[in-house]
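Undergrad: Take this sequence and fold it.
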Amino acid sequence: MIPVSLPGGNFYVLMAASLACLATLLTWLAVLATTRSARLWLGDHRRTSTVLMTFLALVGAIFPYQQFSLWFSAHRDAQADAGRKTTLTQATRVAGVDMPAGTVLSLTRPGELASFDRAVFPDTQPATVQGVAATQLFRYAATPKQPETLSAEIARDQALEGWLCAHGHRIEFAMHGGLPRFASCHLAVGNTLDQQPVPPGAWLKVDEAARGTAADTSGPAPRWLLRTEGSEAMTLRQMPLLKLDMRLDGQRRLLDFEGLLARETVLGAMTYPPGTRVLAANPRLPGAQSGDLLFSPSRGRSARREGGEDVAAGQSVLQAPDGTVRSVLSNRDAGVLDVAAMRMAP
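TA: Sure, this is the predicted structure:
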C-alpha cells in the first residue's frame, strides 16, 4: 500500500467555516447591490456591518488562499520538472544503453544526461537493454553497499539468459564497467527446472559473487539464486515445497536449497507434517553424505517415526534420499537456526 498523509480534522472544519463565510459575504454583497432597503440598513448600522464584513472577509479569505497556495506550489513543481526534463533529438548512448530519438529523460541535474533517473522511450521504438525491449528505464545511483543499477519496464514477457521474465515486474540490471548486466527479475509462466514447472512470480537473481568480472563478458555462466513465493508449491526431490530458496550453478544444476513441505510427506520410516523445514545437508555434518537431507519440524509439531519415538520441534532428522535415517540431532548441532524464516531478500 502507498502511504498517504491526510490533514488533521481541524483542517476540514476550518475550510468548511471559511467557505461558509465566503458564501455569506458574497450573498450579502449581491443583496446590497440589488436591494435599496439593504443599503439603507447598512447606512444605519455602519459600525456593526463593518465589523461583521471584516470578520467574514478574513475568515472567508482562508479558503481561496489555500487553493491559490496549492495551485502555486503545483505550478512551481511543474516548472521545476519541466526544467529537469529533456527530449533526445537523436539516438544517444546513455548509461550504456542506446536510447532512440524521442526519448524523454528526467534529469536530477539539469543539462547532464548521465544524471537521469527515468527514461521514457517512444511507443514505436523501445530501447534494447541486454536484448530486452524496455518501455521505461529507471536509474538508481551507486551507494556504498551496491553499484549503480537500472530497472526496466517491459510490455510483454521476454526471455533473458534462458529465463522468461514476467512483464508485470521490472527487470533489474547492475552496472559493470559502464554496461548494464542482468541482475534479477520475476519469472513468468513457462519456466522449468529439471523438467518441473517453476511457479510464476518466482524471484530470480544472479549470484554476483560467482559471476565473471565486468571486463570479461564471455566469462563463466552465472550462478543463480531462485526463490518461490505464494501458495503454489514446486516439486523438488519428489517433495512439494513452499517458500523454496535454491542456489543453481551455470548449468542450472541444484547446489543447495531450503524450503517448507506443502503437505504431509512420507520418506522411509518418517512422516513429516506440513511446514517442516527441508534443506540440503551440509556435507561437513558428522555422518552426512552427498545428497542427504535435513528435516526440521516447525514449532508446535512433531514428525512421526514408524517403530520409534516422534521427533519434536527443535530437533532435526538427517536422512538419505532413499529414506535411511542416519541420525536425529538437535537443531544447534545440525546448524539449523531456530527462527521463523531465513530468506534471500530481493
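Undergrad: Can I take it that residue 23 is in a helix?
TA: Yes. Residue state for residue 23 (DSSP: H, G, I helix; E, B strand; the rest coil) corresponds to a helix.
Undergrad: and the closest residue to it other than its chain neighbours, how far is that from residue 24?
TA: Spatially, and ignoring its direct neighbours in sequence, residue 23 is nearest to residue 60 (7.8 Å; CB to CB, 6 or more residues apart in numbering). In short, each C-beta sits where N, CA and C put it, glycine included. In this view, residue 60 and residue 24 are 8 Å apart by CB to CB, to the nearest Å.
Undergrad: Residue 85 too?
TA: Distance from residue 85 to residue 24, by CB to CB: 45 Å.
Undergrad: hmm, who's touching the helix or strand where residue 259 lies?
TA: Following DSSP states H and E, one finds residue 259 within strand 254-261. Strand 254-261 is contacted by residues 194, 223, 228, 234, 236, 239-249, 272-280, 298, 342 when judged by CB atoms under 8 Å, 6 or more residues apart in numbering.
Undergrad: what are the bridge partners for residue 234, then?
TA: Beta-bridge partners for residue 234, by DSSP bridges, are residue 241.
Undergrad: Can you give me the buried ones in the strand holding residue 259?
TA: For strand 254-261, a neighbour-count test (16 or more other CB atoms under 10 Å) marks 257, 258, 259, 260, 261 as buried.
Undergrad: go on, stretch 14-31?
TA: 14, 18, 21, 22, 25, 28.
Undergrad: now that stretch, how far from the centre of its chain.
TA: Computed by CA atoms, centre = their mean, to the nearest Å, the chain-centroid distance of stretch 14-31 equals 48 Å.
Undergrad: State the mean pLDDT of that stretch.
TA: Averaged across stretch 14-31, the pLDDT comes to 87.
Undergrad: Would you pull up how far stretch 174-181 lies from the middle of the chain?
TA: With CA atoms, centre = their mean, you get 21 Å for stretch 174-181.
Undergrad: Just the CA trace of that stretch, in CSV.
TA: Extracted in CSV, the C-alpha atoms of stretch 174-181 (Å, rounded to 0.1, in the frame of the first residue of the first chain):
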residue,chain,number,x,y,z
ALA,A,174,23.6,-3.8,-12.4
MET,A,175,26.2,-1.6,-14.0
HIS,A,176,29.6,-3.1,-14.5
GLY,A,177,32.3,-1.3,-16.4
GLY,A,178,29.7,1.2,-17.7
LEU,A,179,27.5,-1.5,-19.1
PRO,A,180,24.2,-2.9,-17.7
ARG,A,181,24.2,-6.6,-16.8
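Undergrad: quick one: residue 51 is in a helix?
TA: Yes. Using three-state DSSP, the assignment for residue 51 is a helix.
Undergrad: How much space separates it from residue 41?
TA: Using CB to CB, one obtains 15 Å as the distance from residue 51 to residue 41.
Undergrad: Identify the residues contacting the residue of the chain positioned farthest from its centre.
TA: Relative to the mean C-alpha coordinate of the chain, counting by CA atoms, centre = their mean, the farthest residue is residue 44 (69.8 Å). Applying CB under 8 Å, 6+ apart to residue 44 gives no contacts.
Undergrad: when you give positions from now on, start the count at 714
TA: In the new numbering, first residue 714, that becomes residue 757.
Undergrad: So it versus residue 747, what's the distance?
TA: Applying CB to CB, the value for residue 757 to residue 747 is 19 Å.
Undergrad: cool, and residue 963?
TA: To residue 747, residue 963 is 87 Å away according to CB to CB.
Undergrad: In terms of neighbours, single out the busier of those two.
TA: Set side by side, residue 963 and residue 747 show more neighbours around residue 963, with 14 against 9, by other CB atoms under 10 Å.
Undergrad: Kindly check the end-to-end length of stretch 804-821 for me.
TA: 21 Å (CA to CA, to the nearest Å).
Undergrad: chain center to that stretch: distance?
TA: 24 Å.
Undergrad: any idea of the mean pLDDT in it?
TA: The average pLDDT for stretch 804-821 rounds to 92.
Undergrad: Pull out the buried positions in it.
TA: In stretch 804-821, counting by 16+ other CB under 10 Å, buried: 807, 808, 809, 810, 812, 813, 815, 816, 817, 818, 819, 820.
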